[in-house]
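# Whatever this is, show me its structure:
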Amino acid sequence: MADICDWSRICEKAIKQQKKSRGIKRDHDVTEICLHERKLEGVCDLKNYLNLQFLWLSNNRLRRIQCLTHNYRVTELHLQYNLLKDISGSLSHLTQLRVLMLQGNQLADLEKVIKEFRKMQSLEILNMFDNPLAQETDYRHYTIFCLPSVTILDRKEVQSKEREMARKGYDQRNEMVRETIAFLRRSQGPPDLYYKQNPQMRLTTPIALREHYSMCRPSTAELDEAFENRVKTKAMWTYNYFNWQKIPSPHERRTNRNVTIEPEILSAGFK
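Residues are numbered from 1 along each chain as shown. Predicted structure coming up:
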């Protein structure tokens, strides 16, 4: 088995040949590197190619990616059909990445992989099929929710219905608020057109201070009668709220399809 130095020499030789065929003399002018199907188990450090944008490392035997530490301008990266098991800390700095191919590897932890993509706000095309993580329950909806910039996932265009289902599954609180806020809907006229007001009903009735004092003061010396009279002059308020402790978390929903999603409504009365 060749050591790391051997793999580095093989990569450097291939890059020199590509530079010569394209008439490139300086490393800063290199924007594309193709190391496809070379049975590589390692790749040389590409820190000299700071303007690198397109990189092909597909169909090799790579188990880790440690060659892109200084390449912040990569926009298209092909890592499909390797032996990758963990990419933590390898790709998170590639914030300009638009196309990422990871299909045909051995990635198993979906949440760990998605965490690596959090800063990639420009990522549009992502392939992760033929990995163990693609067999997880609700894999597609979870990926769509965590990576809203992705428009094509596993060679299939992301539909608006899929985004809506992803929000309802993993953003339950905000989704409930969206469904209950009325002013987000387009108004077709003034409120009086739909809600007829009764002129005889008023929220408050102006009264004199003397009348207010006599109304609040008990009219009888008996404690029970005074209490009943006092209750009649006060309003009753009922406050309804959800019991969020019984709402399953997004992780529980994704791992267990049988959990209940109906929130329990609690009521509290005030006088």
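# What is the neighbour count of V113?
22 (other CB atoms under 10 Å). Where C-beta positions appear, they are placed from N, C-alpha and C, glycine not excepted.
# So it sits against L126, correct?
No - using CB atoms under 8 Å, V113 makes no contact with L126, being 10.3 Å away.
# Now for those two: what residues contact both?
Taking CB atoms under 8 Å, 6 or more residues apart in numbering as the contact rule, V113 and L126 touch no residue in common.
# Look through the protein and tell me its longest helix.
The longest helix of the chain (DSSP state H) is helix 4-22.
# Quick one: mean pLDDT over that one.
The predicted model assigns helix 4-22 a mean pLDDT of 88.
# again with stretch 161-172
86.
# which of the residues in that stretch are buried?
E162, M165, A166, R167, K168, G169, Y170, Q172 (16 or more other CB atoms under 10 Å).
# cool, stretch 122-139 as well?
Buried-residue list, stretch 122-139, by 16+ other CB under 10 Å: 123-129, 131, 133-134, 136, 138-139.
# can you list the residues that contact it?
75, 80, 95-110, 113, 117, 142-143, 147, 149-155, 169, 253-255, 257.
# Of those residues, select the buried ones using a ChimeraX command.
Buried subset of these, written as a ChimeraX selection, criterion 16+ other CB under 10 Å:
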select :75,80,97,98,99,100,101,102,103,104,105,107,110,113,117,142,143,147,150,153,154,169,253,254
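# Helices of the stretch 51-200 of the chain, start to end?
110-116, 139-146, 160-170, 172-180 (DSSP state H, counting those that start in this stretch).
# For L50, list the residues it contacts.
D27, H28, H70, N71, Y72, R73.
# now the fifth one: how far from I125?
As judged by CB to CB, to the nearest Å, Y72 and I125 stand 19 Å apart.
# So which helix or strand of this structure has the lowest pLDDT on average?
helix 209-216 (a mean of 51; mean pLDDT, DSSP states H and E).
# Any stretches of the stretch 151-271 of the chain with poor pLDDT?
Along the stretch 151-271 of the chain, segments meeting pLDDT under 70 span 174-223, 226-227, 229-239, 241-242, 250-251, 253-263, 269-271.
# my bad, should have said the stretch 1-150 of the chain
Those would be 1-5, if you go by pLDDT under 70 across the stretch 1-150 of the chain.
# Among the contacts of stretch 122-139, name the ones in strands.
V99, L100, M101, I152, L153 (DSSP state E).
# Which of the residues you listed sits closest to R9?
M101 (26.1 Å; CB to CB).
# give the contact list for the closest one.
S58, L77, H78, L79, Q80, N127.
# Look up which residues are beta-bridged to it.
H78, N127 (DSSP bridges).
# What are the structural domain limits within the chain?
Domain segmentation of the chain under automatic domain parsing yields 4-170, 180-270.
# hmm, back to that, most neighbours out of the contacts of L50, which is it?
So for the contacts of L50 (other CB under 10 Å), the most neighbours sit at N71, 21 neighbours.
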